[in-house]
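Novice: just a sequence and a predicted model for now, questions to come.
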Amino acid sequence: MTKTDPYTLRPDTLRIARRFNGPHDSGNGGYSAGLVATLLADAEAVEVTIRAPIPLEQTLRAHPAPGGLDIMTDDASTRIFIMSARAVHLETPDVKSPGLQAASVAAATYRNLQDHVLPHCFVCGPARAEGDGLRIFADWLKDPAGIENPNSFPIVAAPWQPSPDLADASGLVAPEFLWAALDCPGAFAINAEPILLGRMSARILERPRTDQPIVVVARAQGRDRRKHFAGSALFNEAGDLLAFSEQTWIQIDAHAPPKEM
């Protein structure tokens with residue numbers, strides 16, 4: 001990296017453990033993108049584009065590129081371009097927390113194992129045990145339940161209680177898990193299966209402790225042919241915005257196996 005780059009490059013290799021899958025044999029897009037984003041240590045916000053299925057339990061190497069990084073497999077003879085990342089600016093979204101109670105009511109109607117496309121996804125899979133997956137079960141807010149929706153657009157919401165092992169040395173939830181939590185709710189807000197995560201940008205304002213409940217929300221933000229756009233956000237119990245993201249999802253052939261969510 002040159003001395004004029006506005007961020008610091010941390011150690012240039014990473015590895016996605018099998019626990020952090022989205023599809024069975026590849027990494028969850030949000031978690032993987034968040035891990036890459038930590039390599040751009042001083043960036044206000046980071047945009048990560050997923051170029052290929054993210055391999056599990058393989059060494060990936062970050063290569064300096066104009067404005068950011070390219071992430072590739074580490075075998076020079078069969079190198080595969082997996083992700084790219086760059087520093088960006090994100091405008092704070094106009095969205096409010098519906099509150100923990102409303103998020104819990106929304107999550108109560110989440111799909112079951114038989115209706116879920118990727119039931120073992122680290123973030124949204126109902127087959128993952130508590131303390132293993134994040135178990136973020138985002139579904140539509142239910143105004144008829146007597147809970148006011150403070151947003152002027154339909155959103156999905158869910159509560160999330162981080163487990164203690166998600167904290168880093170500071171005692172706060174590690175950034176890559178906040179990225180993960182922001183990921184899958186966007187797909188449920190779009191509600192058009194099957195879709196693949198193509199690009200995600202995120203900004204973290206404040207990292208919470210793992211003993212604090214989080215409210216996760218997401219909304220669809222339009223489409224352009226096969227591209228669907230979504231935004232998501234995390235709030236603490238008091239309604240303070242902790243992190244937010246913008247996402248681009250790609251709709252694929254209904255007969256093709258899903259590779260990312």
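Specialist: Received the coordinates, thanks.
Novice: can you tell me the SS state at L35?
Specialist: Here L35 is recorded as helix under DSSP: H, G, I helix; E, B strand; the rest coil.
Novice: then C184?
Specialist: Classification of C184 by three-state DSSP places it in helix.
Novice: what about it, how many neighbours?
Specialist: Number of residues near C184 (other CB atoms under 10 Å) recorded here: 30. (C-beta placed from N, C-alpha, C; glycine too.)
Novice: how close does it sit to Q251?
Specialist: Taking CB to CB, to the nearest Å as the measure, C184 falls 16 Å from Q251.
Novice: what ranges of the stretch 51-200 of the chain fall below the confidence cut-off?
Specialist: For the stretch 51-200 of the chain, the stretches flagged by pLDDT under 70 are 76, 143-153.
Novice: again, 90 this time
Specialist: Filtered on pLDDT under 90, the stretch 51-200 of the chain yields the residue ranges 66-67, 74-79, 111-117, 142-154, 191-196.
Novice: which parts of it are strands?
Specialist: Using DSSP state E, counting those that start in this stretch, the strands of the stretch 51-200 of the chain run over residues 59-65, 68-73, 81-88, 139-140, 156-160, 195-204.
Novice: of those, which approaches A169 most closely?
Specialist: A169 sits nearest to strand 195-204 of all the strands of the stretch 51-200 of the chain, at 16.5 Å, using CB to CB.
Novice: pull the CA atoms of that closest one into CSV?
Specialist: Output in CSV follows, covering the C-alpha atoms of strand 195-204 (Å, rounded to 0.1, in the frame of the first residue of the first chain):
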residue,chain,number,x,y,z
ILE,A,195,-30.8,-14.9,-4.7
LEU,A,196,-27.1,-14.5,-4.1
LEU,A,197,-25.3,-11.7,-2.1
GLY,A,198,-23.2,-9.8,-4.7
ARG,A,199,-22.1,-6.7,-2.8
MET,A,200,-22.3,-5.4,0.7
SER,A,201,-21.2,-2.1,2.2
ALA,A,202,-21.3,-1.5,5.9
ARG,A,203,-20.4,1.0,8.6
ILE,A,204,-20.1,0.3,12.3
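Novice: partners of the helix or strand following it, with directions?
Specialist: Downstream of strand 195-204, the next assigned helix or strand under DSSP states H and E is strand 214-224. Partners of strand 214-224 in the sheet, by DSSP bridges, are strand 156-160 (antiparallel), strand 227-236 (antiparallel).
Novice: okay, those in a markdown table with distance to K142 and mean neighbour count next?
Specialist: As requested, these are arranged in a markdown table below (distance: least, CB to CB, whole Å; neighbours: other CB atoms under 10 Å):
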| stretch | distance to K142 | mean neighbour count |
| --- | --- | --- |
| strand 156-160 | 9 | 26 |
| strand 227-236 | 18 | 23 |
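Novice: tabulate the ones you listed (JSON lines), appending distance to V123.
Specialist: Below are the strands paired with strand 214-224 laid out as JSON lines (distance: least, CB to CB, whole Å):
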{"stretch": "strand 156-160", "distance to V123": "9"}
{"stretch": "strand 227-236", "distance to V123": "11"}
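Novice: nearest residue to S201 in space, please, no chain neighbours.
Specialist: E47 (4.0 Å; CB to CB, 6 or more residues apart in numbering).
Novice: what's the strand or helix carrying that neighbour packed up against?
Specialist: Per DSSP H and E: E47 is located in strand 45-50. Judged by 3 or more CB pairs under 8 Å, 6 or more residues apart in numbering; DSSP states H and E, strand 45-50 is in contact with helix 29-37, strand 81-88, strand 195-204.
Novice: 10 Å instead, please
Specialist: Under the contact criterion of 3 or more CB pairs under 10 Å, 6 or more residues apart in numbering; DSSP states H and E, strand 45-50 touches helix 29-37, strand 68-73, strand 81-88, helix 175-190, strand 195-204, strand 241-251.
Novice: return the distance of that strand from the chain's centre.
Specialist: Relative to its parent chain, strand 45-50 has a centroid offset of 11 Å by CA atoms, centre = their mean, to the nearest Å.
Novice: and P213, what does it touch?
Specialist: If you count contacts by CB atoms under 10 Å, 6 or more residues apart in numbering, P213 has them with 100, 103-104, 159-162, 235-237.
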